[in-house]
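Participant: the following block contains a protein sequence and its predicted model.
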Amino acid sequence: MYKKILLPTDGSGYAEQEVDRVTKLIADDGEIIIISVAGKFVSGAFQGRSRVKKANERMKKEAEDAVKNMSKLFDDSLKVKTMVKIGIPSEEINKVAAEEEADLIVISASGKSGLHKFLIGSVAEKVLKTAEIDVLLVHNS
């Protein structure tokens, strides 16, 4: 059993499979940390500041909705913490795993990227390659 599990989500449709795995692996007194990372666009020569600001606000709102929706899938008896970060998903996931002293990262094999179901999503692949703790890759079926 794990004391602290980090559960990244992008709001894609695989939450139930991840929740099932985490529920089986978390210690009775453990904590589940649900994280979603919103990207951040920077305005440039061809993008107006107001458009970039709206896009960034939309991505942050999607991330907030993703963690909120996933947290609702867990039984009230479990300790669940949610957070939204802004940045590069794989980097933020690993950073939070270290800061929170997580024992395990449970991540979906593919998410919103639409990659073929047999390929590992780019965020999951980067987390697998760079994480300093155990990673459970959940196959999407």
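Facilitator: Sure, I can see it.
Participant: ok so Lys60 is a helix residue?
Facilitator: Yes: under DSSP: H, G, I helix; E, B strand; the rest coil, Lys60 sits within a helix.
Participant: the helices in the protein, which residues?
Facilitator: Using DSSP state H, the helices of the chain run over residues 15-25, 49-71, 89-99, 122-130.
Participant: and those helices, which is most packed in?
Facilitator: helix 89-99 (a mean of 19; mean count of other C-beta atoms under 10 Å). Bear in mind the C-beta positions are built from the backbone N, C-alpha and C, glycine included.
Participant: which secondary structure elements does the longest strand anywhere in the chain contact?
Facilitator: Counting by DSSP state E, the longest strand found in the chain is strand 26-38. Secondary-structure packing of strand 26-38 (3 or more C-beta pairs under 8 Å, 6 or more residues apart in numbering; DSSP states H and E): strand 2-8, helix 49-71, strand 79-86, helix 89-99.
Participant: contacts only, for Val127.
Facilitator: Taking C-beta atoms under 8 Å, 6 or more residues apart in numbering, we find Val127 in contact with 8, 90, 93-94, 105, 107, 135.
Participant: thanks again, I'm all set now.
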